[in-house]
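*Asks:* structure of the sequence below:
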Amino acid sequence: MRVAGGPEARGEDDRPNPATEAFVAHRNLLFTVAYEMLGSAADAEDILQETWLRWVDVDLETVRDQRAYLVRITTRQALNRLRTLGRRKESYVGQWLPEPLLTSPDVADDVELADSVSMAMLLVLETLTPTERAVFVLRDVFDLGYGEIADAVDKSPAAVRQIAHRARAHVAARRPRDVVSPAESRAALTAFQHAVETGDLQGLLDVLAPDVVLLADGGGVKQAVPRPLVGADKAARLLNAGLNRFRGQVALEPVQVNGYPALIMRLNGEIDGVLAMRIDDGLVTGLYYVRNPEKLSRVERETALSR
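*Replies:* Below you'll find the predicted structure:
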């Protein structure tokens, strides 16, 4: 995206172009909005490009709130893309998981932001309709007013209130029970990593919830379990057997992914996948293993997120 330099970045008197300045100032916010709506960094970047192309044609003198205006453009483009993605996911090979992002410690420090971009929450958002998802993200994560959201989704403020109430109830019934502290997440991850690295099956069972669910996304390119695997015993034995096959060739690297501790798994030095977790009451209740190579481009450099 040509907003950091180039002829459109500066005006005729060589001062920064006001449109460029506004877009760059809000870029991380816009990316976060698009990513939370789509679960895909690649698609979110496309949405930013589309937003920029529309933004440069806007008469800025008619814009009272540049942040709200940019969010409105981004939301409309993301809604169009979300409907297309829905059809694409129907033909996706195996289980679909969001694209993991390597994030900086400041994302984890913002507990509400980390919760909103966690793999567990993004999967919950997948169960909403496109409009419900947009309304929930804009209201509950970014705290936009109902009037601003109404403009973004082409609904009346009264309708947006109803949609927000419905979406909030839907999410509340499915989201992690409590916001997990960074210390609790790190403790669970450390125990999990130690058990996996040492082949300690009982130690693994001790950190997994009895009804833990394991999901894996190979995208039809890499081998992965085709359906959700439910139960601590099944998940522990699968993980233990898989890692025993490559004992000495696998390295686990603790990282921050989507605001929470996770593991990058390297096989003979190359990234094989990213394992993110959902933790409730100190136990791992969800395991999300992304192996699809097309979704691993954002785990070697940090992605800036904001709200």
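*Asks:* C-alpha only now, for contacts and for neighbours.
*Replies:* OK.
*Asks:* roughly how far does Phe48 sit from Phe23?
*Replies:* Small correction: residue 48 is Leu, not Phe. For Leu48, the distance to Phe23 equals 9 Å [C-alpha to C-alpha, to the nearest Å].
*Asks:* ok, Met277 - how many residues close by?
*Replies:* Neighbourhood size, Met277 [other C-alpha atoms under 10 Å]: 25.
*Asks:* sorry, slip of the keys, the one I care about is Val257.
*Replies:* Neighbours of Val257 under the rule other C-alpha under 10 Å: 30.
*Asks:* do Ala187 as well
*Replies:* Look at Ala187: counted by other C-alpha under 10 Å, it has 15 neighbours.
*Asks:* repeat that for Asn244.
*Replies:* When neighbours are defined as other C-alpha under 10 Å, Asn244 has 16 of them.
*Asks:* which neighbouring elements make contact with the helix or strand where it lies?
*Replies:* Using DSSP states H and E, the element containing Asn244 is helix 232-245. Under the contact definition 3 or more C-alpha pairs under 8 Å, 6 or more residues apart in numbering; DSSP states H and E, helix 232-245 sits against helix 182-198, helix 201-207, strand 208-217.
*Asks:* starting at the chain centroid, how far to the last one?
*Replies:* Just to be clear, that refers to strand 208-217. Centre-to-centre, strand 208-217 and its host chain are 18 Å apart (C-alpha atoms, centre = their mean, to the nearest Å).
*Asks:* save the helices and strands packed on helix 232-245 as a markdown table, and put in mean pLDDT too.
*Replies:* Formatted as a markdown table, these follow (pLDDT from 0 to 100):
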| stretch | mean pLDDT |
| --- | --- |
| helix 182-198 | 90 |
| helix 201-207 | 95 |
| strand 208-217 | 96 |
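*Asks:* hey, which of these is tucked in deepest?
*Replies:* Mean neighbours per residue, mean count of other C-alpha atoms under 10 Å, is largest over these for strand 208-217, with a mean of 22.
*Asks:* partner strands of it, with direction?
*Replies:* Here strand 208-217 is paired, per DSSP bridges, with strand 229-230 (antiparallel), strand 283-290 (parallel).
*Asks:* for the record, mean pLDDT for the last one?
*Replies:* Taken as a whole, strand 283-290 has a mean pLDDT of 96.
*Asks:* His165 is nearest to which of the strands paired with strand 208-217?
*Replies:* strand 283-290 (26.5 Å; C-alpha to C-alpha).
*Asks:* what about the nearest residue to Asn244 once chain neighbours are set aside, neighbour count?
*Replies:* Nearest residue to Asn244, sequence neighbours excluded (C-alpha to C-alpha, 6 or more residues apart in numbering): Gly199, at 7.4 Å. When counting by other C-alpha under 10 Å, one arrives at 18 neighbours for Gly199.
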